[in-house]
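> my questions are about this predicted structure, shown below with the sequence.
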Amino acid sequence: MELIKEKYPHVEYHQEICLATQVRQEAVSQQAGQADLTIVVGDPKSNNSNRLAQVSMEIAGTQAYRIGDLSELKLEWLQGVKTVAVTAGASTPTPITY
């Protein structure tokens, strides 16, 4: 950002997220607060998916794991868990979530 400011001193920078991302994060915060575990389906490189897991842990205080697909789900995560919140990152392909 500093390089951009040097080249374009009048640039306006807004550190905001799009409405869809904000809505997802708020929903995860609410759902995770009522769950014992949160599973976020999404690519490991997806900032959105990783942030959803972070929201679950930091805001709701609920353990969360990000998985790319069902093969990454570990059954030991479910031991002692009664309620699981499941969500997906915005860029997660629909076929993966079915």
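Okay, I see it.
> buried residues in stretch 54-71?
Burial within stretch 54-71, assessed by neighbour count using 16 or more other CB atoms under 10 Å, is assigned to 54-56, 60, 62-67. The way it works is simple: take the backbone N, C-alpha and C, and place the C-beta from them, glycine included.
> for the longest helix along the chain, packing partners?
The residue-count maximum for a helix in the chain (DSSP state H) belongs to helix 19-32. On a contact count with 3 or more CB pairs under 8 Å, 6 or more residues apart in numbering; DSSP states H and E, helix 19-32 meets strand 37-41, helix 47-58, strand 84-88.
> any idea how far the helix or strand following the last one is from the chain center?
Along the chain past strand 84-88, the next helix or strand (assigned with DSSP states H and E) turns out to be helix 94-97. Once both centres are worked out by CA atoms, centre = their mean, to the nearest Å, helix 94-97 turns out to sit 16 Å from its chain's centre.
> next one: stretch 63-78
For stretch 63-78 - counting by CA atoms, centre = their mean - the centre lies 14 Å from the chain centre.
> picking up where we left off before, save the buried residues of stretch 54-71 as JSON lines, and put in distance to Tyr8 too.
Below are the buried residues of stretch 54-71 laid out as JSON lines (distance: CB to CB, whole Å):
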{"residue": "Gln54", "distance to Tyr8": "31"}
{"residue": "Val55", "distance to Tyr8": "32"}
{"residue": "Ser56", "distance to Tyr8": "37"}
{"residue": "Ala60", "distance to Tyr8": "39"}
{"residue": "Thr62", "distance to Tyr8": "42"}
{"residue": "Gln63", "distance to Tyr8": "43"}
{"residue": "Ala64", "distance to Tyr8": "38"}
{"residue": "Tyr65", "distance to Tyr8": "41"}
{"residue": "Arg66", "distance to Tyr8": "35"}
{"residue": "Ile67", "distance to Tyr8": "40"}
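> may I ask which two of these are separated the most?
Ala60 and Ile67 (18.2 Å; CB to CB).
> local confidence estimate at the residue most central in space within the chain?
In the chain, the centroid-proximal residue (CA atoms, centre = their mean) is Leu52; its distance is 1.7 Å. Model confidence at Leu52, given as pLDDT, is 95.
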